[in-house]
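*Asks:* From the sequence below, what's the structure:
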Amino acid sequence: MTIRFVLHSCAVLLGSIATTCAEDPVPVFSGPQPGEKLASMKVRLAYGTDAGREVDIVELAAGRPSLLVVVNGSNRPAAGLTRCLMNFAEIHQKQLFAAVVYLADDPTEAEQYLKRGISWWGVGVPLGVSLDGPEGPGSYGLNRNVNLTILVADRGRVVRNIALVQPTPTDAPGILRHVVTLTGGRVPTEWEVVLLSAPTRKFGEVAWRGGPENVEFRSLFCDALSAKNKGDVRTSRSALEKYVGNDEERLAWLGNAAAIMLEGRGRAKIHDAPIVPALRHWQQQYDRHPRKVR
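*Replies:* Prediction:
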């Protein structure tokens, strides 16, 4: 009887230990850790008037508060999170330097892919293909099993390292919390994440909706989405509508951005936000067929 009890107790204990071990996530490391200095990271730029130019991302940062995303493998969730982070960074470009480094076996092939995939990867900050191959700079110690290595840095040293094997746009607020600690401002709400992760670059007049490429409009619209009460809504709505004015193109942006939030993936998240009545008004008054929205 005693032996059975001891054996049963041991089995329960071992089972409990196994369960605890299974539940505890194994830490994943990729890239320089907090406190370490950022070494040179050279890329060939993929977009804009500087496409094809070779630059050192760390040199461009010049010690400023920085948000660097290293991409190892292209997929929709990784692209969505990268867009969200970089679209946020573009709004705060006076306080924050940001860039994307794309890892690839063949830089030339990767550049061609990025040009074709501009709707996924086209962002308004420097984005380039690493000149150090699929491993990136040797001194960085990047993990090939990590999809996104995200570095928050200041004065040339890493402040926070986030290694994501399976990224998603919903990771953005947690990451940006570390950024605003350096730059000030506020962490975007879940509603802003929906807007910020929407593609802002499109090929021609394709049928799907694109997010606002205009940075000032994007900033004002995010302020409206973050409104917590009727007073905040009045203030942010007034500022946004003043900026839009009677400009036909800006009115189209307004209707389109409202539709992004009220349709599809944004609908479940936005239904109880204070700004919803204004969104419905803007969509009803100014939304046009997506093909006509730039």
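*Asks:* Going by C-alpha atoms from here, please, whenever you check contacts or count neighbours.
*Replies:* OK.
*Asks:* pretty sure residue 115 is touching residue 48, no?
*Replies:* No. Under the criterion of CA atoms under 8 Å, residue 115 is not in contact with residue 48, lying 10.4 Å apart.
*Asks:* Secondary structure element holding the closest residue to residue 124 other than its chain neighbours?
*Replies:* What sits nearest to residue 124 in space, not counting adjacent residues and going by CA to CA, 6 or more residues apart in numbering, is residue 90, at 6.4 Å. Assigned by DSSP states H and E, residue 90 belongs to helix 76-91.
*Asks:* buried ones in that helix?
*Replies:* If you call a residue buried by 16 or more other CA atoms under 10 Å, then helix 76-91 has these buried ones: 77-91.
*Asks:* starting at the chain centroid, how far to that helix?
*Replies:* Remark: helix 76-91 is offset 2 Å from the chain centroid, using CA atoms, centre = their mean, to the nearest Å.
*Asks:* list the helices and strands that helix packs on?
*Replies:* For helix 76-91, the packing partners by 3 or more CA pairs under 8 Å, 6 or more residues apart in numbering; DSSP states H and E come out as strand 66-71, strand 97-102, helix 118-121, helix 172-183, helix 190-196, helix 215-225.
*Asks:* looking just at contacts, which helices and strands does the first one meet?
*Replies:* It refers to strand 66-71. So strand 66-71, by 3+ CA pairs under 8 Å, 6+ apart, packs with helix 76-91, strand 97-102, strand 148-154.
*Asks:* Out of those, flag the one nearest residue 196.
*Replies:* With CA to CA, the closest approach to residue 196 among the helices and strands packed on strand 66-71 belongs to helix 76-91: 4.6 Å.
*Asks:* Need the contact partners of the closest one.
*Replies:* Outside helix 76-91, the residues within contact range by CA atoms under 8 Å, 6 or more residues apart in numbering are 67, 69, 71, 96-99, 120-125, 147-148, 166-172, 176, 193, 196-199, 215-216, 218-219.
*Asks:* Got a ChimeraX select line for the buried ones in those residues?
*Replies:* The ChimeraX command for the buried members of the contacts of helix 76-91 (criterion: 16+ other CA under 10 Å) is given here:
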select :67,69,71,96,97,98,99,120,121,122,123,124,125,147,148,167,169,170,172,176,193,196,197,198,199,218,219
